[in-house]
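Q: structure, please.
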Amino acid sequence: QVQLVESGGGLVQPGESLRLSCATAGFTFNDYAIGWFRQVPGKEREGVSCIVIRDGSTKYTDSARGRFTISKDNTKNTVYLQIDDLKPEDTAVYYCAADRFRLCVLTDADVFDYWGQGAQVTVSS
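A: Predicted structure coming up:
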């Protein structure tokens, strides 16, 4: 059974950092790419970053480059998203997703095959 479970969300103040985790199970971790998306109520899901597990190559959207860092731990089948200097506009539900063809097309959520349930990140003073 495929599982992606996000954790690490919460309420943080502007300027702080946060690391989200995406723990995976039920598929061959090394064969996939894992992406991070975020969604605000009333808006479409927005791609943030993606990592190809087998070679560690990464992609970021223009809006994410600079403050977001994606990484992985193959021993734990887990992908992380570090967000620094958090801003109120980063408030969203953050989702991780698995892409079996390793395309990492962050502009097309339909490319991703499996999704987690999401983790709420709220940035507020």
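Q: count of neighbours near I34?
A: 29 (other CB atoms under 10 Å). (Glycine included, C-beta is placed from N, CA and C.)
Q: scratch that, D110 is what I was asking about
A: For D110, using other CB under 10 Å, the count is 6.
Q: again, but for S63
A: Neighbours around S63, by other CB under 10 Å: 14.
Q: distance from stretch 82-98 to the middle of the chain?
A: 8 Å (CA atoms, centre = their mean, to the nearest Å).
Q: any idea how far I51 is from Q82?
A: 12 Å (CB to CB, to the nearest Å).
Q: repeat for G56
A: 15 Å.
Q: can you name the residues bridging to the most centrally placed residue in the chain?
A: The chain has W36 as the residue nearest its centroid, 2.3 Å off, counting by CA atoms, centre = their mean. Here W36 sits in beta bridges with S49, C96, going by DSSP bridges.
Q: right, and it touches R19 too?
A: No: counting by CB atoms under 8 Å, R19 is not a contact partner of W36; they are 11.6 Å apart.
Q: next, show the common contact partners of these two.
A: L81 (CB atoms under 8 Å, 6 or more residues apart in numbering).
Q: name the nearest residue to T78, sequence neighbours excluded.
A: Spatial nearest neighbour of T78, chain neighbours left out: A23 (5.0 Å); criterion: CB to CB, 6 or more residues apart in numbering.
Q: tell me the secondary structure at the one you found.
A: For A23, the secondary structure call by DSSP: H, G, I helix; E, B strand; the rest coil comes out as strand.
Q: quick check on E89: phi, psi?
A: When read as degrees, to the nearest 10, the backbone of E89 gives phi -70, psi -10.
Q: equivalent analysis for D90, please.
A: Dihedral pair for D90: phi -80, psi -10, per degrees, to the nearest 10.
Q: give the contact list for the residue found closest to it once you drop the neighbours it is linked to in the chain.
A: Excluding the flanking residues, the one nearest D90 by CB to CB, 6+ apart is V123, at 5.2 Å. Contacts for V123 (CB under 8 Å, 6+ apart) come out as V12, Q13, P14, E16, L86, K87, P88, E89, D90, T91.
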